[in-house]
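Novice: give the three-dimensional model of this entry:
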Amino acid sequence: MKMSVLPNAQRYKILVIDDNSDHVELIKVYLEPAGNFEVEGAATAAKGLEKAKGDTFDVILLDYRLPDQDGLDVLQEMEKRGIKTPVIFVTGYGDIKIAIEAMKHGAYDYLSKPEIFSPMLPRVLQAVWERFQLQKVALDFEQKLNRAFFGMTEAMAAMVEVKDPYTAGHGEGVAKIAVAIAKEMNLPQRDIDGIRISALLHDIGKIAVPSEILTKPTNLTDLERAAINQHPRYGYEILKKIDFPWPVAEAILQHHERLDGSGYPQGLKGDEIILPARILAVADIADAMSYQRPYRAARGIKAAIEEIKKGSGTLYDSTVVDAWLRSIRTKKGAEKHHSHIPS
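Specialist: Sure thing, here's the model as predicted:
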């Protein structure tokens, strides 16, 4: 195994769990000039386990004899803690039975003292290379899964547009605005992904509302309005059994709730409304005012700003409103996130 098969720009971290500092230094002197290796030591099992959490190292060299715990116990503890970093177990001369036990407990390979240096580099390289390949495969799979997942979400959102053609593009419009708000609020990318999914699907419950109500060309009756107002609940019922990594169903259930309790369908107030739903509430109004409905004309971005600013702190979360206003403060931002909204 040659170092050239690995990305040259990347440094590979090796953790040596060994109480002999001279031994750690020898490994460092031997490995670091041989490639892009960075060697770090841990003198006890406890310190080694602490450093190993999070799988930030590429390989662990684990000595069998440690002052506070033996290496086999450390391997078992790593398994309990979900540490996946490949471990090369280092045993004393003639400890082949211990080495076999280590392999049974999940060690990737083993080295036997005193002759550990000549086989060390190729075995470390092999472990790093296999880890790199596994990470590459996992990343490729995750990217394909994400593409399929977002594609499925967009297909589900399109079902609403078939049912209510007057709002074609509304889900994508709400998603763009909601993502812009979330970015202004410096939310983690994982949360932003969940908000985008929730926004795309926020009106999925309308597939349970009769088409003649959704597309009625005159004002709605109280009974018809009550039927439409159930769409967040219908959406929740449709999605609640899907194991999303985000509170998608809850956000959809709450996206018409208002801070003062005047929203629907549950009349929630303040912090009872989750943050993704508070973001959707603003994004939904901002985008919806751009669409002509059968019973009213589109109102435009200026009217949306006036409407949302008027409700800031009472109907809408003021932090969310401020983030939205920042996202449209420049002409460039307004064109990017609201290009379809008449002025």
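
Novice: residue 242: which element?
Specialist: For residue 242, there is no enclosing helix or strand under DSSP states H and E.

Novice: residue contacts, it?
Specialist: 248-249 (CB atoms under 8 Å, 6 or more residues apart in numbering). Every C-beta, even on glycine, is put in place using the N, C-alpha and C of the backbone.

Novice: for it, give its distance to residue 228.
Specialist: 23 Å (CB to CB, to the nearest Å).

Novice: please apply the same query to residue 121.
Specialist: To residue 228, residue 121 is 69 Å away according to CB to CB.

Novice: what do you get for residue 222?
Specialist: Distance of residue 222 to residue 228, computed by CB to CB: 11 Å.

Novice: isn't residue 277 right up against residue 249?
Specialist: No. If you go by CB atoms under 8 Å, residue 277 and residue 249 don't touch, sitting 10.8 Å apart.

Novice: looking only at neighbour counts, state which of the two leads.
Specialist: Each of residue 277 and residue 249 has its neighbours counted (other CB atoms under 10 Å); residue 277 has more, 26 against 20.

Novice: thought residue 200 was touching residue 171?
Specialist: Yes. Using CB under 8 Å, residue 200 is in contact with residue 171, at 4.9 Å.

Novice: got any residues that touch both of these two?
Specialist: Contacts common to residue 200 and residue 171, judged by CB under 8 Å, 6+ apart, are residue 157.

Novice: neighbour count winner among residue 222 and residue 228?
Specialist: Each of residue 222 and residue 228 has its neighbours counted (other CB under 10 Å); residue 228 has more, 16 against 7.

Novice: tell me the contacts of the nearest residue to that one once chain neighbours are set aside?
Specialist: Counting by CB to CB, 6 or more residues apart in numbering, residue 209 is the residue found nearest to residue 228 once chain neighbours are left out, at 5.7 Å. The neighbours of residue 209, taking CB under 8 Å, 6+ apart as the test, are 163, 227-228, 230-231, 234.

Novice: how many residues are close by the nearest residue to residue 211 once chain neighbours are set aside?
Specialist: Residue nearest to residue 211 in three dimensions, not counting chain neighbours: residue 163, with 5.9 Å by CB to CB, 6+ apart. Per other CB under 10 Å, the neighbour tally for residue 163 reads 17.

Novice: just checking, residue 163 touches residue 212?
Specialist: No. Contact between residue 163 and residue 212 fails when scored by CB under 8 Å: they sit 11.0 Å apart.

Novice: ranges for the strands of the chain?
Specialist: 12-17, 37-42, 59-63, 87-91, 109-112 (DSSP state E).
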